[in-house]
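Peer 1: sequence and predicted structure are below.
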Protein chains: 2
Amino acid sequence: MATTNGGNGPTSGDGLANGSTPGNRLPASDPAAEVRTAPTTEVRGGRAQPKTDKSEQTRALILETAMRLFQERGYDKTTMRAIAAEAGVSVGNAYYYFESKEFLIQGFYDRMTYEHAADARARMAGRKDFAERLEIALTSWIDCAVEYHEFAAQFFRTAADPTSSLSPFSNESHPARTTAVELFSEVLTGSELAPKLDSELAELLPDLLWLHLMIVVLYWVFDRTPDTERTREFVRRSTPMAARIINLSRYRVFRPIVRDAKDLIQDFILPTIGRTARP
Amino acid sequence: MATTNGGNGPTSGDGLANGSTPGNRLPASDPAAEVRTAPTTEVRGGRAQPKTDKSEQTRALILETAMRLFQERGYDKTTMRAIAAEAGVSVGNAYYYFESKEFLIQGFYDRMTYEHAADARARMAGRKDFAERLEIALTSWIDCAVEYHEFAAQFFRTAADPTSSLSPFSNESHPARTTAVELFSEVLTGSELAPKLDSELAELLPDLLWLHLMIVVLYWVFDRTPDTERTREFVRRSTPMAARIINLSRYRVFRPIVRDAKDLIQDFILPTIGRTARP
DNA sequence: CCGCCGACTTGAACGCGTTCAGCGGTGTCG
DNA sequence: CGACACCGCTGAACGCGTTCAAGTCGGCGG
């Protein structure tokens, strides 16, 4: 559960028709969007389940304030005291709603993931070439992430910590991860490549493409070129190759190695990144 | 963080980042050996270049004490005050020799890397099969790392931080990285596969195999099975595949894709992990 | 109306990593 | 010999993330 996002039913065929006008709205604010809470009990960013309306408001206020300050000053230079002061509450109150400072980052990540999915879907609309769709999806991520590049390191450190429940690797029900994997599922199903693949591979691919994104993210975090141009070029170069490899995998000659790779991925990679065993 | 050098002595200051000698000698042999300083100027774990014999001793004492406490109590529970007290010095003194607490980790990493190289070489001796040699090298790493698994997360967080000069990704002259890449170079050259490969690929491979190790490390950090048995199995399964792919790459059919991959790696992967452009 | 419960809020206090003004000692130069 | 520079070293102090005993307040049963 937890995702409950804008109703992307898996049954919706090619879900590209829906919502998000190509206007490319990046609602940098519009507090309602990501604050919009899963209505029932959910672990959420941090702590207590909201009981009151006021509680929910306070929580949102703290999160919004934190996100604003993070963007203005960067993560390290934003103190919990500053967040509390700016939000007009006490420090302790922030800790009532968020387990730690790092849990506030999740707000960023969730918002970005959501915006990315919407933006990528809009941009992919109509395109049928798989490599092209993949490139759009990845480039779209870079565009959505551009404003957060400065403090991305902090987020990445968090993701690399296996003891942190914030890591998209160790937390299989991480809502942002689910959203992202769904997007890549659409990258595939919307392409002309999808019907040509055997179903077993088609099942693996969304997660693998998400892994591709993770590699891009890794690259992007370390990228210091202006506008992360190098990462963009990396995407332009790596996506056709990915498409080619997938394409080739259909041929007889590669059967044994494809099978081995598939087994390796299915048995050792996917379970580790939060996919339960094969169905 | 803390990048602002307090600026004591604007002229002398801390002369970090000054020319590191190309001296490629691999120091260290026994446990006490990596403490032994590079005789000339080198950036070292943290701060000032040693001038005195006594200085060097104090530095070693602090490092050894820290490493012992880290292993006894874990990283987070070991305070700088405890390290200083246990070593019989003041807190400020520890910071005189080490830029921050994290810089103390490098002692761990350096030691482990060296032990790994020695152990792997010993175990590989006589073996000619490439896949076998690779598996030995990777498994040896797991064996050497076993005692550090508990606080490996901390090290991994550090490695994932692009702003940290401790990251083996962002610091190309990281001595531990050099040592490791050299080992993988021997993995290849000692095998019967080496003479069959074209020289261009043979040049890339050591770094790529090091990347393989990094993936194993990533897997290992998240591995919670006893004795990290799952990672060991992952190594057993992935090494033959790597060998097979390398082997296949020699055949005509794969020319185009191998060429693309080679270019991608050479232009985008290796430079980012600290290899300067192609020679 | 009282009393109590529990969600919500507070801010002083704690422990931590890190900094910094400064101390002694050992040259070195004039 | 005095002045100075500089290395090694000190420990109080700073700012931070985080905790917690102690509130406030609204609602509900009695």
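Peer 2: Looks like it came in fine.

Peer 1: surely residue A:104 is in contact with residue A:66?
Peer 2: Yes. Applying C-beta atoms under 8 Å, one finds residue A:104 in contact with residue A:66, separated by 4.5 Å. Placement of C-beta: from N, CA and C, glycine included.

Peer 1: flag every residue of the stretch 151-279 of chain A that's near chain B.
Peer 2: Counting by C-beta under 8 Å from any C-beta of the partner chain, the residues of the stretch 151-279 of chain A close to chain B are A:153, A:156-157, A:159-163, A:169-170, A:219, A:221-224, A:230, A:233-234, A:237-238, A:240-241, A:244-245, A:248, A:253, A:257, A:260-261, A:263-264, A:267-268, A:272.

Peer 1: surely residue A:264 touches residue B:241?
Peer 2: Yes. Here residue A:264 reaches residue B:241: they are 6.4 Å apart, a contact under C-beta under 8 Å.

Peer 1: so the residue in the stretch 51-200 of chain A that DNA strand C sits nearest to is in which element?
Peer 2: In the stretch 51-200 of chain A, no residue comes nearer to DNA strand C than residue A:92, which is 1.8 Å away by C-beta to the nearest atom of the strand. For residue A:92, the host element (DSSP states H and E) is helix A:91-97.

Peer 1: equivalent analysis for residue A:120, please.
Peer 2: Using DSSP H and E, residue A:120 sits within helix A:105-124.

Peer 1: got the CA positions of that helix in PDB?
Peer 2: Presented in PDB, the C-alpha positions along helix A:105-124 are these (Å, rounded to 0.1, in the frame of the first residue of the first chain):
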ATOM      1  CA  ILE A 105      14.700  14.600   3.600                       C
ATOM      2  CA  GLN A 106      12.200  12.000   2.700                       C
ATOM      3  CA  GLY A 107       9.800  14.900   2.000                       C
ATOM      4  CA  PHE A 108      12.200  16.100  -0.700                       C
ATOM      5  CA  TYR A 109      12.700  12.700  -2.200                       C
ATOM      6  CA  ASP A 110       9.000  11.900  -2.300                       C
ATOM      7  CA  ARG A 111       8.100  15.200  -3.900                       C
ATOM      8  CA  MET A 112      10.800  14.800  -6.500                       C
ATOM      9  CA  THR A 113       9.800  11.300  -7.400                       C
ATOM     10  CA  TYR A 114       6.300  12.300  -7.900                       C
ATOM     11  CA  GLU A 115       7.100  15.200 -10.000                       C
ATOM     12  CA  HIS A 116       9.500  13.100 -12.000                       C
ATOM     13  CA  ALA A 117       6.900  10.500 -12.800                       C
ATOM     14  CA  ALA A 118       4.400  13.100 -13.900                       C
ATOM     15  CA  ASP A 119       6.900  14.900 -16.000                       C
ATOM     16  CA  ALA A 120       8.300  11.800 -17.600                       C
ATOM     17  CA  ARG A 121       4.900  10.500 -18.600                       C
ATOM     18  CA  ALA A 122       4.000  13.800 -20.200                       C
ATOM     19  CA  ARG A 123       7.200  13.900 -22.200                       C
ATOM     20  CA  MET A 124       7.000  10.300 -23.300                       C
END
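
Peer 1: taking the stretch 101-250 of chain A, what residue is nearest to DNA strand D?
Peer 2: Counting by C-beta to the nearest atom of the strand, the stretch 101-250 of chain A gets nearest DNA strand D through residue A:101, at 3.5 Å.

Peer 1: residue numbers of chain A in contact with DNA strand D?
Peer 2: Listed as neighbours of DNA strand D in chain A under the rule C-beta under 7 Å from any atom of the strand: A:78-81, A:91-92, A:95, A:99-102.

Peer 1: state the pLDDT value of residue A:223.
Peer 2: Looking at residue A:223, its pLDDT stands at 91.

Peer 1: filter the residues of the stretch 151-279 of chain A next to chain B to the buried ones?
Peer 2: A:153, A:156-157, A:159-162, A:169-170, A:219, A:221-223, A:230, A:234, A:238, A:240, A:260-261, A:264, A:267-268, A:272 (16 or more other C-beta atoms under 10 Å in any protein chain shown).

Peer 1: now go through those residues and say which are in helices.
Peer 2: A:153, A:156-157, A:159, A:219, A:221-222, A:230, A:234, A:238, A:240, A:260-261, A:264 (DSSP state H).

Peer 1: how about the backbone phi and psi for whichever residue of the stretch 151-279 of chain A sits closest to chain B?
Peer 2: Chain B sits closest to residue A:160 of the stretch 151-279 of chain A, with a gap of 3.8 Å, by C-beta to the nearest C-beta. The phi/psi pair for residue A:160 (degrees, to the nearest 10) reads phi -80, psi 0.
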